[in-house]
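return a 3D structure for these sequence lines:
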Amino acid sequence: MVDLYDFYNLMDRHNIMLSFKGEVSSDLLSSILQITESKLERLNEEPRLKKKVYNVLVECLQNLYHHIDEAHPDIDAKSLAGNPIEMRSALMMIGRSEDGYTIMTGNHIEEVNIAKLRNRLDQINAMTKEELKLHYQEVLNNDEYSSKGGGGLGMIDIARKSGHKINYFFQPVNDRLSFFCLLIKIS
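Numbers count the residues shown, from 1 in each chain. The predicted structure follows:
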C-alpha cells in the first residue's frame, strides 16, 4: 500500500488543491463547486480567473455526471490488475500553478465510444477562437440532443472558456474499456 504521507507529498508537489475519487452524484457536484468557490475566494484570485475556473469546472463535472459510460452486462468490468471496476466512479482534481489552474477528470469509457469522442475533441481543438464561437452558436441553434440529453455544447464551452486546447488521452484498462483522462488548463 502506498504510504499516505508519500501520497500527500505527491499532491503537494503538483499543487493539487482538491481531489475526489468515487461515484458522481448531483449532491457531490454541488459540494465540489461550493468547496472550489470558497478556496478561490480564500486565495484572492482575480474575479475573471475565478469565473473561468468555476465555469470550466461546472462543465467538466456535468460531463462526468451525464456522460459516464455504464458498461453493458456482457463486459467483464475488471481492470488489468483484476480488480472490479466501478463504472460510475470518476476522478476529479484541481491543481494550481503560477500560470493558472488545471482541472483533471477521469472516467471509464467503452472502447466502442472512443473514436466518436476523439473525433469530436480533435475537431474542437482544430478550431480557432472565432470558429469555436460560431460552432457554439450553430450547435445551440440546431435543437439536436444526444442520447444522454445534451446538445454537445460542453466540450465546446470548455475550450472557449479555458482559452486553451483540450488535452486528453485514453488509458486502456482491458480489451473493452479505457480510462478517459481530460486535462484543462485555465489562465
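
please make it C-alpha for all contacts and neighbour counts, starting now.
OK.

so what touches stretch 168-187?
For stretch 168-187, contacts defined as Cα atoms under 8 Å, 6 or more residues apart in numbering pick out 49, 52-53, 75, 77-80, 99-112, 158, 162-167.

among the residues you listed, which lie within helices?
Within those, residues falling in helices by DSSP state H are L49, K52, V53, I158, S162.

and the furthest pair within the residues you listed?
By the measure Cα to Cα, L49 and I158 form the most distant pair in the ones in helices among the contacts of stretch 168-187, at 13.9 Å.

among those two, which residue is more densely surrounded?
Neighbour count, other Cα atoms under 10 Å: between L49 and I158, I158 has more, with 25 against 16.

in contact with that one, which residues?
I158 sits next to V56, E59, C60, I166, I184 when contact means Cα under 8 Å, 6+ apart.

just the pLDDT at the second one, thanks.
Which is E59. Per-residue pLDDT puts E59 at 94.

near it, how many other residues are there?
E59 has 18 neighbours, counted by other Cα under 10 Å.

in this structure, where is pLDDT below threshold?
Low-confidence segments of the chain, defined by pLDDT under 70: 1-2, 69-85, 87, 143-151.

mind listing the helices for it?
Under DSSP H, the chain gives helices at 4-13, 26-42, 47-67, 114-125, 129-141, 154-162.

next up, the contacts around the closest residue in space to V58 that isn't next to it in sequence.
Nearest residue to V58, sequence neighbours excluded (Cα to Cα, 6 or more residues apart in numbering): L33, at 7.3 Å. Residues near L33 by Cα under 8 Å, 6+ apart: Y54, L57, V58.

for the nearest residue to the second one once chain neighbours are set aside, list each beta-bridge partner.
Taking Cα to Cα, 6+ apart as the measure, L57 lies nearest to I103, with 7.0 Å between them; neighbours along the chain are not counted. According to DSSP bridges, the partner residues bridging I103 are I94, I184.

roughly how far is stretch 59-66 from the heart of the chain?
In terms of Cα atoms, centre = their mean, to the nearest Å, the centre of stretch 59-66 is found 7 Å from the chain centre.

what is the end-to-end distance of stretch 157-166?
11 Å (Cα to Cα, to the nearest Å).
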